[in-house]
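Peer 1: for reference, the sequence and a predicted model appear below.
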Amino acid sequence: MSWQLVSFGLVLGALAVAFWWYERSRPSARLLAVVATLAALAALGRDAFVAIPDVKPITAIVLVSGLAFGAGPGFAVGAISGLASNILLGQGPWTPWQMLGWGLVGLIGAALSRPLGPRPSRLRIALACAVGAEAFNLVMDLSSWTAAGNHSFAAFGVVVGSALVFDLTHVVASFAFGLAFGAALLRMLGRIQARLHVRWEERPPGAVTATSARSAVRGLGGPLAVLAVAAAAGLGALGTAAGARASAARPAAGLADAGRVLLAHEVAYLAGAQNRDGGFGAAPGNGSSELYSAWAAIGLAAAGRNPLSLSRDGNTVLDAIRREASSLHGAGDLERTILALRAAGASPRSLPGGDPVARLLRLRSRDGSFGGLVNQSAFAILALRAAGYAPRSPAVAAAASWLERQREADGGFGFAARGGGSDVDDTGAVLQALVGAGRRGPVMAGAVSYLRHAQNLDGGYPQQPGGTSNAQSTAFAIQGLIAAGRDVEAVRRAGSRSPRGYLESLLAPDGSVRYSRTGAQTPVWVTTQAMAALAGRSLPVGPVRAVRIAAGVPVTRVPARASRRPAVRRAPTTAGAPPPGLRAGTRALMVLLRDLLGFLEP
């Protein structure tokens, strides 16, 4: 019996044992879908770079898969991608060795997940990819050695030396691919991993729910764009099935989806930005302010995270807000604080220095407005609703009637009274307020029409039509459209991306949301306001409750006002196809992962 035959049998045996071990773990259908998609992506990546020897992204993709999902899925992605890629490149006795080699890369990724930590840097991921590439090289050198006539250690050294140039090329290329997209891919897979373990339990019917899955890829270009396009095209059928399934599952009318389950990276960013007094500043390291602390509480609750679960030196954001009670001046400060107290699960009336709700009501004008300003009157309605006032209560109804009379000729609303011109931010706020007051009709329809026409070609919104898009105006527009029951994903001007798509494009690697394409000012403030929009939540945001399974172990948190049905992803306008406007090749991978997320929905 020859060395080659024995070694070949051992390789096949190792593969069989590995797949048997993975099968015994009983992976879910959703996880199998993830494994299949990643294996196809890695295989297509290898085939796309067939013209450049040993320069292949497959090793980096497999290693990151192991980092994200663990040993079993990591091995499966590597082994299956090796087999699938050879359908085009050619099968042979080398195929089982390649399957074993890339399966080993997936195992290495899983083994490095703990030392690298939950959010490794791009450099660490790149170095891990280089280690995985060298491990694969050694497996293939071993296969060449078994096929040789001389099986001494000296002969093995000769094999390694003869392949040195090719092995080094593979190591350097894997390092480069890991540096280019490893961190972005790991973030996306981390979100998928989180979604795979969300459990829901039935509750009485409530307000509206569900979520929009999102993913973003940055820093890909050149050959990687070709890879992304090839991957998206190769898995178009999966995207089509995903879109059809999501379309069949979603409600028939309007955007009935609200309540984002997890915004893990944004929450982690806020956790790192929290000050020792429990509050937040405009940016990490800045002193705390009620303005930013209040929006942080609202954003965290919208993301499904109890604001009180984040603390620094024993202080929570609620402690910081209460300490800032003496700094509250005017209706705007009181309204924002009431909304934050509600989001934190505290009584909107419990604040040192007096009941903020009573103080706010004392500022009401005889005409029903608050300060004669659209902005303050809209947020007063939202604050009063958060404090438990009914839509037909005198204060809410009078403010809503005054608001309806302030509509501008173009259908929008401005900061002050009628005649000052419309802007996106206040129109979005008014829509939320009117819905909170139980109003419907032509005023709301006009405001929605204004927002549709104010959208820029990049999918985002400026503060005023014709300006540059920014995250905060886009967030207010999204929340207003959601409150009005509109499908945000269908709001696309001349084939642009959706407003949520624009907001997602501003996500930074550290978890923050940039203000615009060219600016990143006040990142904490911008991120907190964007979180509610990304979560599909309009104001007021209710407190977060722990959802428990029979064993009594909390498995996730959902906003208290969210529906208790499982989240249903709203399909793209054209099922299975990239949303219009995503022309760059670097976006194709994002579309693929978004379709995958839709396929994974319960």
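Peer 2: In hand now; what should we look at?
Peer 1: where in the stretch 1-150 of the chain is pLDDT low?
Peer 2: 1-15, 18-27, 29, 148-150 (pLDDT under 70).
Peer 1: tell me which stretches of it form helices.
Peer 2: 3-24, 29-48, 58-69, 71-89, 94-116, 122-147 (DSSP state H, counting those that start in this stretch).
Peer 1: who wins for proximity to Gln472 among the ones you listed?
Peer 2: helix 122-147 (28.4 Å; Cβ to Cβ). Backbone N, C-alpha and C define where each C-beta goes, glycine included.
Peer 1: list the helices and strands that closest one packs on?
Peer 2: Under the contact definition 3 or more Cβ pairs under 8 Å, 6 or more residues apart in numbering; DSSP states H and E, helix 122-147 sits against helix 3-24, helix 58-69, helix 94-116, helix 153-162, helix 164-177, helix 183-196.
Peer 1: would you list the ones you listed in a markdown table and tack on mean neighbour count?
Peer 2: Shown next, in a markdown table, are those (neighbours: other Cβ atoms under 10 Å):
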| stretch | mean neighbour count |
| --- | --- |
| helix 3-24 | 14 |
| helix 58-69 | 31 |
| helix 94-116 | 23 |
| helix 153-162 | 13 |
| helix 164-177 | 19 |
| helix 183-196 | 20 |
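Peer 1: of those, which is nearest Gly332?
Peer 2: helix 183-196 (34.5 Å).
Peer 1: quick one: work out the angle between the closest one and helix 122-147.
Peer 2: Angle, helix 183-196 to helix 122-147, by axes from the mean of the first three to the mean of the last three Cα atoms, to 10 degrees: 90 degrees.
Peer 1: after the helix or strand bottoming out on mean pLDDT in the chain, next one along is what?
Peer 2: In the chain, the helix or strand scored least confidently by mean pLDDT, DSSP states H and E is helix 236-249, which has a mean of 37. Using DSSP states H and E, the helix or strand that follows helix 236-249 in sequence is helix 264-273.
Peer 1: and the direction of that following helix versus that of helix 183-196, what angle?
Peer 2: 110 degrees.
Peer 1: pull the helix or strand that comes right after helix 264-273 out as CSV, backbone CA atoms only.
Peer 2: Using DSSP H and E, the helix or strand that follows helix 264-273 in sequence is helix 290-302. Extracted in CSV, the C-alpha atoms of helix 290-302 (Å, rounded to 0.1, in the frame of the first residue of the first chain):
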residue,chain,number,x,y,z
GLU,A,290,-28.5,66.7,29.7
LEU,A,291,-29.0,67.1,25.9
TYR,A,292,-26.8,64.2,25.0
SER,A,293,-27.6,62.0,28.0
ALA,A,294,-31.3,62.2,27.3
TRP,A,295,-30.9,61.3,23.6
ALA,A,296,-28.6,58.4,24.7
ALA,A,297,-31.3,57.0,26.9
ILE,A,298,-33.8,57.2,24.1
GLY,A,299,-31.4,55.7,21.5
LEU,A,300,-30.5,52.8,23.8
ALA,A,301,-34.1,52.0,24.6
ALA,A,302,-35.0,52.1,20.9
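Peer 1: mean confidence (pLDDT) on helix 290-302, please.
Peer 2: Throughout helix 290-302, pLDDT has a mean value of 95.
Peer 1: for it, packing partners?
Peer 2: Using 3+ Cβ pairs under 8 Å, 6+ apart: helix 290-302 touches helix 264-273, helix 317-323, helix 330-343, helix 523-534.
Peer 1: from the chain's centroid, how far away is it?
Peer 2: Distance of helix 290-302 from the chain centroid (Cα atoms, centre = their mean, to the nearest Å) equals 19 Å.
Peer 1: wait, what's in contact with Asp333?
Peer 2: Counting by Cβ atoms under 8 Å, 6 or more residues apart in numbering, Asp333 touches Glu290, Leu291, Ser327.
Peer 1: and with 7 Å instead?
Peer 2: Glu290 (Cβ atoms under 7 Å, 6 or more residues apart in numbering).
Peer 1: next: Pro356.
Peer 2: Leu334, Thr337, Ile338, Pro348, Arg349.
Peer 1: mind putting the helices and strands packed on helix 122-147 into CSV with distance to Ala40?
Peer 2: Converted to CSV, the helices and strands packed on helix 122-147 look like this (distance: least, Cβ to Cβ, whole Å):
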stretch, distance to Ala40
helix 3-24, 17
helix 58-69, 10
helix 94-116, 14
helix 153-162, 32
helix 164-177, 17
helix 183-196, 14
